[in-house]
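In: sharing a model that was predicted from the sequence below.
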2 protein chains.
Amino acid sequence: MTEQQLMNPERQPTLAGVERAAKKIAAILPQTPLLPLEVEGRVVWCKAECLQPIGAFKIRGGWHRLTDLTDDQRPRGVVAFSSGNHAQGVAWAARRLGIPAIIVMPDDAPTSKLDNTRALGAEVVTYDRMGGSREQLAADLAGKSGAVVVPSFDDPWIVEGQGSCGLEIREQMLALTGSEPDQIVACCGGGGLASGSALANPDARIVVVEPEGWDDMKRSLEGGSIVPVGDNPPATECDALQTMRVAPITFDILKGRNAHGLSVTPDEVHHALRVAFAKLHLVLEPGGAVALAAILAGKIPLTDHTAITLSGGNVANQLYANIIAGG
Amino acid sequence: MTEQQLMNPERQPTLAGVERAAKKIAAILPQTPLLPLEVEGRVVWCKAECLQPIGAFKIRGGWHRLTDLTDDQRPRGVVAFSSGNHAQGVAWAARRLGIPAIIVMPDDAPTSKLDNTRALGAEVVTYDRMGGSREQLAADLAGKSGAVVVPSFDDPWIVEGQGSCGLEIREQMLALTGSEPDQIVACCGGGGLASGSALANPDARIVVVEPEGWDDMKRSLEGGSIVPVGDNPPATECDALQTMRVAPITFDILKGRNAHGLSVTPDEVHHALRVAFAKLHLVLEPGGAVALAAILAGKIPLTDHTAITLSGGNVANQLYANIIAGG
């Protein structure tokens, strides 16, 4: 790929790009562990992305994108829109690289995610999740300053960066069990983690899991073309997965792999948080636990080498306490 | 060391023994991660032993001891006494090796620790923590069956096994930072983890942390000889650290290293649990958080390369929920 092709934001993400992202990420972040969990007498391998410095896998895509900015682009900075974890991922990378960052976040994002993003040195601009267009707001802000927009999934760098998680899963599982994963179950908002991990594991079955009522990737995969969430989705604690519409860049990869989609209920998510608490001693946020929830609910046939993502752990104290005490 | 010397339970633990233990443990358990935590603008490296399969470092000593049983000893089984985590460590190793295990546990141990020990296939016998002598009960049980007693810290294998945690810290910190730890802060009950980690890090400053009122190792180190906890210690949530009296095998190592002891309050422990929740996304039990509590309370001057143990995460849902919600 030429330099010009590489820098084209319209390019498609590739396995080579995932491998390049993984090298850059390995140079600054230790691998998160792949932890065994016994489920119905079989072992499910759990990738603990809640242990990333920002508490979620989003640090991967942020780092891959921002380290590829040109010398011209860096001083003009970046603008990102995010419900919280992508915000922190971009802010973390920006601080480390000395790049100015403006983050557009919904005004109902968890306070901890807003606070943490500011603590990482980013400027936070809030908008109304159900009313405003975050894409338009981000584009307007970027237009003023000449900053580069860093979307949370609709971007080849972001997909490749998140795919480094899938590549680590593959390497770690080989080292631990002698086999590659034959099935990867990923938490899905816009599908960056799922599609990137699909690129990294060309032979694995791919399953994506969403919260009930926000299962637009599932419905899109079933229908063969992108379907948005719609006008009146239910309230959900899975704030990290509240994506109104997926993008061709992630959907096409998952469609091409015959990915299977399914959804989980709030009770199933709560049970998953309690199992992660008691058996893995990991703090998961609801959106980071949907893959585990689907496994524990028996919604996915277990294979010999199933891996799942535990994608984030940024959850408010009171909500977490209520869920853990409610077991 | 001859075979006979090696098999003598009166022998002293050694660095060579720690290295031998570490090799055996590395063959079956992936390293737990060493996670960076920013404290007052400096990085403290946190060894996440709550991510072990039984949720605590005790799996190390149990594995090292049980894999060194002779062919004669194996079928007669083992007897261990423990407040919970050592119980699970021995039970886990026994199940994996097909060795019968009887575990003597206090009747006020957390229900989850009693349940988990039974779930690992061990026979559990309970006793009154403040009234009964667990050592005598274990000896009586072992006398009947010819089983080998596996103490929770007063044993050279156990000290060496727990020391493998300190050896991993040393290796991981070298890989991550280019430097060995110059200070290790360990949670302390009987002192197995602290003394073993001291053997593994001959040049590091050693600090041991205990709960207020249960700081007998601290007082013993200050006085130069072993002092028991005494008759009326306060109630504590740190059940893993309720040791009535330390043993020469751990005390002598720590005394020889001029280890420093200190204690933490319940509020300091609660704060540490909340920081581990919010910043590291790890579930810690109170006893597994005392080293972090001491660091966060500013009780230990930070060095350039400080490492601490987060030694366990087996905590009851309701207690944890109360602490996390109380922030």
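Out: Okay, I see it. Residues are numbered from 1 along each chain as shown, chains lettered A, B, ... in the order given.
In: so where is chain A shaky, pLDDT-wise?
Out: A:132, A:327 (pLDDT under 70).
In: which residues of it fall in strands?
Out: Along chain A, counting by DSSP state E, strands occupy A:34-39, A:42-48, A:78-81, A:101-106, A:123-127, A:148-150, A:183-187, A:205-211, A:260-264, A:306-310.
In: the shortest one packs against which elements?
Out: Packing partners of strand A:148-150 (3 or more CB pairs under 8 Å, 6 or more residues apart in numbering or on different chains; DSSP states H and E): helix A:59-66, strand A:78-81, helix A:134-145. All C-beta atoms are positioned from the backbone trio N, CA, C, and that covers glycine.
In: what strands line up against that strand, and which way round?
Out: strand A:78-81 (parallel) (DSSP bridges).
In: alpha carbons of the strand it pairs with, as CSV, please.
Out: What follows is strand A:78-81, C-alpha atoms only, in CSV (Å, rounded to 0.1, in the frame of the first residue of the first chain):
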residue,chain,number,x,y,z
VAL,A,78,-8.5,15.7,16.7
VAL,A,79,-12.2,15.8,17.3
ALA,A,80,-14.0,12.6,18.5
PHE,A,81,-17.6,11.8,19.4
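In: figure out how far it is from the centre of its chain.
Out: Remark: strand A:78-81 is offset 16 Å from the chain centroid, using CA atoms, centre = their mean, to the nearest Å.
In: touching it from outside, list them.
Out: A:62, A:65-66, A:69, A:86-87, A:90, A:94, A:99-105, A:134-135, A:137-138, A:141-142, A:145, A:147-152 (CB atoms under 8 Å, 6 or more residues apart in numbering or on different chains).
In: next: stretch A:118-128.
Out: Contacts of stretch A:118-128 (CB under 8 Å, 6+ apart): A:54, A:87-88, A:90-92, A:94-95, A:100-107, A:109, A:114, A:117, A:134, A:137, A:141.
In: could you redo the last one with a cut-off of 7 Å?
Out: A:88, A:91-92, A:94-95, A:101-107, A:114, A:117, A:134, A:137, A:141 (CB atoms under 7 Å, 6 or more residues apart in numbering or on different chains).
In: around chain B, which positions in chain A sit nearby?
Out: A:30, A:33, A:35, A:50-51, A:55, A:112, A:176, A:277-278, A:281-283, A:313, A:317-318, A:320-321, A:324-325, A:327 (CB under 7 Å from any CB of the partner chain).
In: now those residues: which count as buried?
Out: A:30, A:33, A:35, A:50-51, A:55, A:112, A:277-278, A:281-283, A:313, A:317, A:320-321, A:324-325 (16 or more other CB atoms under 10 Å in any protein chain shown).
In: taking the stretch 1-150 of chain A, what residue is nearest to chain B?
Out: Among the residues of the stretch 1-150 of chain A, A:Cys50 lies closest to chain B, at 4.2 Å counting by CB to the nearest CB.
In: Provide a list of residues in contact with that residue.
Out: So A:Cys50 contacts A:Ala56, A:Leu282, A:Val283, A:Leu284, A:Gly288, A:Leu310, A:Gly312, A:Gly313, B:His281 (CB under 7 Å, 6+ apart).
In: okay if I get those residues as TSV plus distance to B:Leu262?
Out: Below are the contacts of A:Cys50 laid out as TSV (distance: CB to CB, whole Å):
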residue	distance to B:Leu262
A:Ala56	35
A:Leu282	29
A:Val283	27
A:Leu284	33
A:Gly288	36
A:Leu310	35
A:Gly312	35
A:Gly313	30
B:His281	27
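In: separation between the residue in the stretch 151-300 of chain A positioned nearest to chain B and B:Val315?
Out: The stretch 151-300 of chain A approaches chain B most closely through A:His281 (3.3 Å), counting by CB to the nearest CB. Taking CB to CB, to the nearest Å as the measure, A:His281 falls 9 Å from B:Val315.
In: joint contacts of the two?
Out: Joint contacts of A:His281 and B:Val315 (CB under 7 Å, 6+ apart) are B:Val283.
In: tally of neighbours for A:Val185?
Out: Residues lying near A:Val185 (other CB atoms under 10 Å in any protein chain shown) number 30.
In: that one bridge partners, please.
Out: Under the criterion used (DSSP bridges), A:Val185 bridges to A:Val207, A:Ile308.
In: check whether it really touches A:Val209, as I assumed.
Out: Yes: between A:Val185 and A:Val209 there is a contact under CB atoms under 7 Å: 6.3 Å.
In: what residues are up against the closest residue to A:Leu69 other than its chain neighbours?
Out: Using CB to CB, 6 or more residues apart in numbering or on different chains and skipping the chain neighbours, the partner closest in space to A:Leu69 is A:Val148 (6.3 Å). Counting by CB under 7 Å, 6+ apart, A:Val148 makes contact with A:Leu69, A:Gln73, A:Val78, A:Ala142.
In: ok, the last one touching A:Val149?
Out: Pointing back at A:Ala142 there. Yes: the pair A:Ala142 / A:Val149 is scored as a contact, 4.9 Å apart, by CB under 7 Å.
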